[in-house]
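>>> compute the structure for the input listed below.
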Amino acid sequence: MDRLNLHLLSDSTGETLEHIGKAAIAQFENVETIRHFWPMVRSEQHLERIMEEVGRNPGMVLFTLANQSLRRKLESSCRAMGIPFVAPLDPVTDAMSNLLGQETRNRPGRKHVLDEAYFARIDAIQFTIAHDDGVGWENWEEADIVLAGVSRTSKTPTSIYLANRGYKTANIPLVPESPPPPSLFKLRHPMVVGLTAGAERLVQVRRNRLLSLNQAPATPYVDIERVNSEVAHARRMFADQGWPVIDVTRRSIEETAAAIVNLYQERLKNLAAGLGSSLPV
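From the prediction side, this is the model:
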């Protein structure tokens, strides 16, 4: 059974967020959800204390914050920790704002134009959520980018960040004992990028993950020799396939995503120039 820490942050009672969270969770089976409820968040000091708890129990953050300073601080903190965050009311208020021709009272300057790019971004987000962690490999050909790497190389948060930039992104963990589907090596449209990290860093991140789930920290999952073997196996695969590789050990999610976007844009230029056969995809 999967386990999810769901943090609900609101500057009011939080009832709306709780209903949204319950409705979303109901769409999934065999998920144990631990709700962390944070109502009446109205000061930076309060938010800082909450983010410390979020860091100790990473998962996903849903929020409704009208204060723009608090909102930016929350978003910045989540990005720094590699934790996905969603403001679920944004699409609704944006749509109403465009329909009514008015700015929202609490979110000045945030009206979106409902053009093709906007809907493409929403489509990318939906695709990416549905193709996380190796799910939906049957239609990976519809993706723009596929990320591959061993566990805890920031595949999911990077995928979500790219989706918010409008890129349909799928990701898959590389486990030596469980080979990826053969279709991964036959993709023509998506750009496949390998993510890697130093074994010591991976062990540290994995231990923190096990502690957050109240699981025993002494398992093969955090054995340094085993992790070194996993990383070596993944790097051999990347080299054999000619995929570009990004080491995320000292990169933030934003830096990793920016490097991937640069690779993707360069790929498009080369394809347009008729150099597609030489690209590492």
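
>>> what's around residue 258, how many residues?
Each residue near residue 258 was counted by other CB atoms under 10 Å, and the total is 15. Where C-beta positions appear, they are placed from N, C-alpha and C, glycine not excepted.

>>> and what of residue 77?
The number of residues near residue 77, taken as other CB under 10 Å, comes to 19.

>>> may I have the phi/psi pair for it?
As for residue 77, its main-chain torsions (degrees, to the nearest 10) stand at phi -60, psi -40.

>>> now do residue 40
Dihedral angles (degrees, to the nearest 10) for residue 40: phi 60, psi 40.

>>> before we move on, what about residue 2?
Dihedral pair for residue 2: phi -70, psi 150, per degrees, to the nearest 10.

>>> what's opposite it in the beta bridge?
Under DSSP bridges, the beta-bridge partners of residue 2 are residue 31.

>>> between the two ends of stretch 166-180, what distance do you get?
Using CA to CA, to the nearest Å, the end-to-end distance of stretch 166-180 comes out at 26 Å.

>>> now do it: distance to the chain's middle.
Relative to its chain's centre, stretch 166-180 lies at 13 Å (CA atoms, centre = their mean, to the nearest Å).

>>> next one: stretch 234-254
Taking mean C-alpha positions (CA atoms, centre = their mean), stretch 234-254 and its chain are 17 Å apart.

>>> can you check stretch 57-65 too?
Worked out by CA atoms, centre = their mean, stretch 57-65 lies 13 Å from the chain centre.

>>> can you classify the residue nearest to residue 134 when sequence neighbours are not counted by secondary structure?
Nearest residue to residue 134 in three dimensions, chain neighbours excluded: residue 172, at 4.1 Å (CB to CB, 6 or more residues apart in numbering). Secondary structure, DSSP: H, G, I helix; E, B strand; the rest coil: residue 172 is strand.

>>> burial measure for residue 172, as a count.
So residue 172, with other CB under 10 Å, has 21 neighbours.
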